[in-house]
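S.K.: need a 3D model of the sequence below.
(4 chains)
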2 protein chains.
Amino acid sequence: MSTIRDIARSANVSVSTASLALNGDARVREATRRRVLEAAELLDYHPMRAARSLSSGRTWSIHLLDPSLGANMTSGFFTHYLRGLHDGARDGGYTLTLTVPQDEAEARSVLKRLMAERWSDGVVLMNPSEHDGLLQDVVEARFPHVLLGRSPVAGVSTVDNDNVAVARDATEHLLAPGRRAPLLINGPAYRTFTQDREQGFREACSTAGVRPRVAYVDAPPDAVREVIDAHLGAGLALDAIVTVADPQAVVAMRTLHERGRRVPQDVAIIGMNNDDLTQYTNPRLSSVELNAFALGRNAIELLLAGMDGATGGASQRLVPHELVIRESSA
Amino acid sequence: MSTIRDIARSANVSVSTASLALNGDARVREATRRRVLEAAELLDYHPMRAARSLSSGRTWSIHLLDPSLGANMTSGFFTHYLRGLHDGARDGGYTLTLTVPQDEAEARSVLKRLMAERWSDGVVLMNPSEHDGLLQDVVEARFPHVLLGRSPVAGVSTVDNDNVAVARDATEHLLAPGRRAPLLINGPAYRTFTQDREQGFREACSTAGVRPRVAYVDAPPDAVREVIDAHLGAGLALDAIVTVADPQAVVAMRTLHERGRRVPQDVAIIGMNNDDLTQYTNPRLSSVELNAFALGRNAIELLLAGMDGATGGASQRLVPHELVIRESSA
DNA sequence: GCACGCTATCGAACCGGTTCGATACTGGGC
DNA sequence: GCCCAGTATCGAACCGGTTCGATAGCGTGC
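M.R.: This is a model prediction of the structure:
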């Protein structure tokens, strides 16, 4: 392992000149720069990250704090936006690091250490639940950040879908042919995205003049089965189902099938995320493509822009979604 | 941000004593240690990672080099072993970093920089293809490593399923009731795991005295459809299908259904990985559980053990698999 | 009462880079 | 011939920790 002092010696310059040359400073003469670069090449020189970080104050890494990997059910979504984050980070010269906290307390303590010990130059927060103090911490510490999701507090940069519109569009699509008895199968209640989706659902129902029904499901898939059984068992009408994730929609389809209801003739269904599995069901599942890759990519862009100090304040970005209509709601 | 010098001053000790106290060295007197820890608590002291790394030579991070995230089709598998890696790293006090190279050249250059610039203390390699030089590089550099998969070269620590047995068990299961015309739908040809699975498939066929047929598929799912169409179109018998991934099995089921073959009565099918989607098909898909989480967890354990220098040589570990029989092969 | 060993602590060096301020050298203007 | 501005380079300080070798202070044994 050769150090910059080896390079300096070999190129017959001082350490400081070697450093300047290697970093492309305009002050060093062309001939000198070449000598230094040749020496570096010859000695297979690679600057040690830790040393560079210590003196420059930059780690060249971005940290992702994401509890969702623990909650599964969303692996398709996760891998897609992870890839968006990764590609964006790579293109900006950054490395991605990752923590999956098990609960809110761990998330908060990891975030605190991460910022204080300077593990990275910025952090991506995935959909923290509303009432933990993560967001306040990051804002108060003035640590570069971006939130995937909608922020309940001010001063936070965010990238998100327009979840109100996502649910409204999906619901309108199902109600358009004149269906009158829609059900929303929603996720955990304390997240902004489920609140927004419920709002969108209610808006569409209101416009169509039909009664909205909403069920909350924490731990699919069996809970979905129970919801539908209860609904039908109570003799309630049901001709349209919106779920906030595709696997839930698949379970809903199976349950309806077992109860003798046809999809889409009796009940139309649409999910969200446009997972690969939408291709594999029978009938194929309609869904809302949320462009998770773009979500990740935009998050990194916003974060890097904020780290350059170019933008003073927090900014928000919305990633477009699009309905993908398949047989389950045709 | 307070540094160790602030702590030392506040606790009325030298910097070196402060460092010793903070790291629990036995030499410092109990009363002194308490003074130092109280000062650290009071000033909310957190040692900067880069500084610690530079002086101690340890980064306290593990890097995952994994091209498979780019190739998708395996998101369930990926998230599970990623979680195994993450949990193992966390428990050992390490942070996980991640790179997704786009091709072999990038994989190799990233690996080289990673080792030379000391991004991490060790690296996890996911199933690199056989003929790139990744493994030689890592062995020659004597860099702590572990391979997820089987190594074609010596001196590499690995964690893997027994892929020969995986395919053999799956095939035997299908052939047991007397089926005579099995087909293996395999993945990319140049990976050790596809070779092993083909071998296991052939062994089971040989034992049963039936003729093995093997098709290679790079880019599912449409390729699977073509394979089956071609097979049936040629008038070949077909009563059992083994695929190396679950999504391929699902496509196979759909294609058979469209061609008027019943699953499992006419053709029995089993996939691998035991993805969530096996629950969502009709009939439900049999599969082989590969215990991806355990795979990741074991990989980290092996890596950390190797980093302690406890073990001199490379070691191998096999993670057990298990057949999960559902309706598609009942 | 003195030599000795042990314990707790300290100052300084070190890890490998970046960056600041000083300096030697160069060429141009008058 | 002298002064000055600008250029290329250098030594030293610095980033914030860890660790090595030295030392002061102490109690013990004889």
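
S.K.: show me the contacts for residue A:187.
M.R.: Shown in contact with residue A:187 (C-beta atoms under 8 Å, 6 or more residues apart in numbering or on different chains): A:193-194, A:216-218, A:244-245. The way it works is simple: take the backbone N, C-alpha and C, and place the C-beta from them, glycine included.

S.K.: switch the cut-off to 7 Å
M.R.: Going by C-beta atoms under 7 Å, 6 or more residues apart in numbering or on different chains, residue A:187 touches A:194, A:217, A:244-245.

S.K.: check the spacing between residue A:90 and residue B:101 real quick.
M.R.: According to C-beta to C-beta, to the nearest Å, residue A:90 and residue B:101 sit 9 Å apart.

S.K.: again, but for residue A:204
M.R.: Per C-beta to C-beta, residue A:204 is found 44 Å from residue B:101.

S.K.: more neighbours: which of these two?
M.R.: Between residue A:204 and residue B:101, residue A:204 has the larger neighbour count (other C-beta atoms under 10 Å in any protein chain shown), namely 25 against 20.

S.K.: right, and that one touches residue A:165 too?
M.R.: No - taking contacts as C-beta atoms under 7 Å, residue A:204 lies outside contact range of residue A:165: 10.0 Å.

S.K.: residue A:116: how many residues sit nearby?
M.R.: Neighbour count for residue A:116, taken as other C-beta under 10 Å: 18.

S.K.: now it, nearest residue through space, not along the chain?
M.R.: Nearest non-adjacent residue to residue A:116, counting by C-beta to C-beta, 6 or more residues apart in numbering or on different chains: residue B:46, 3.5 Å away.

S.K.: got the phi and psi for that neighbour?
M.R.: Here is the backbone geometry of residue B:46 (degrees, to the nearest 10): phi -140, psi 120.

S.K.: do the same with the one 4 residues further on
M.R.: Torsion angles at residue B:50 (phi, psi; degrees, to the nearest 10) stand at phi -60, psi -40.

S.K.: quick one, what contacts it?
M.R.: By C-beta under 7 Å, 6+ apart, the contact list for residue B:50 reads A:50, A:53-54, A:59, A:118.

S.K.: mind putting those residues in CSV, distance to residue B:36 included?
M.R.: Listed next are the contacts of residue B:50 as CSV, based on distance: C-beta to C-beta, whole Å:
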residue, distance to residue B:36
A:50, 25
A:53, 26
A:54, 23
A:59, 27
A:118, 22
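
S.K.: in strands, which of these appear?
M.R.: Within the contacts of residue B:50, no residue falls in strands by DSSP state E.

S.K.: which ones among those residues map onto helices?
M.R.: For these, the ones inside helices are A:50, A:53-54, with DSSP state H as the criterion.

S.K.: if we check DNA strand C, which of the residues you listed are in contact?
M.R.: With C-beta under 7 Å from any atom of the strand as the criterion, the ones in helices among the contacts of residue B:50 include residue A:54 near DNA strand C.

S.K.: closest to DNA strand C among the ones in helices among the contacts of residue B:50?
M.R.: Each of these was scored against DNA strand C by C-beta to the nearest atom of the strand, and residue A:54 proved nearest at 4.1 Å.

S.K.: where's residue A:282, which helix or strand?
M.R.: Element membership of residue A:282, judged by DSSP states H and E, is empty: it is in no helix or strand.

S.K.: so what's it closest to, chain neighbours aside?
M.R.: Excluding its sequence neighbours, the residue lying closest to residue A:282 (C-beta to C-beta, 6+ apart) is residue B:282, at 6.0 Å.

S.K.: so how many other residues sit close to that neighbour?
M.R.: 17.

S.K.: ok, residue A:215 next?
M.R.: Residue A:215: 17 neighbours (other C-beta under 10 Å).

S.K.: go on, residue A:222?
M.R.: By other C-beta under 10 Å, 11 other residues sit near residue A:222.

S.K.: gap between it and DNA strand C?
M.R.: Remark: distance between residue A:222 and DNA strand C (C-beta to the nearest atom of the strand, to the nearest Å) = 55 Å.
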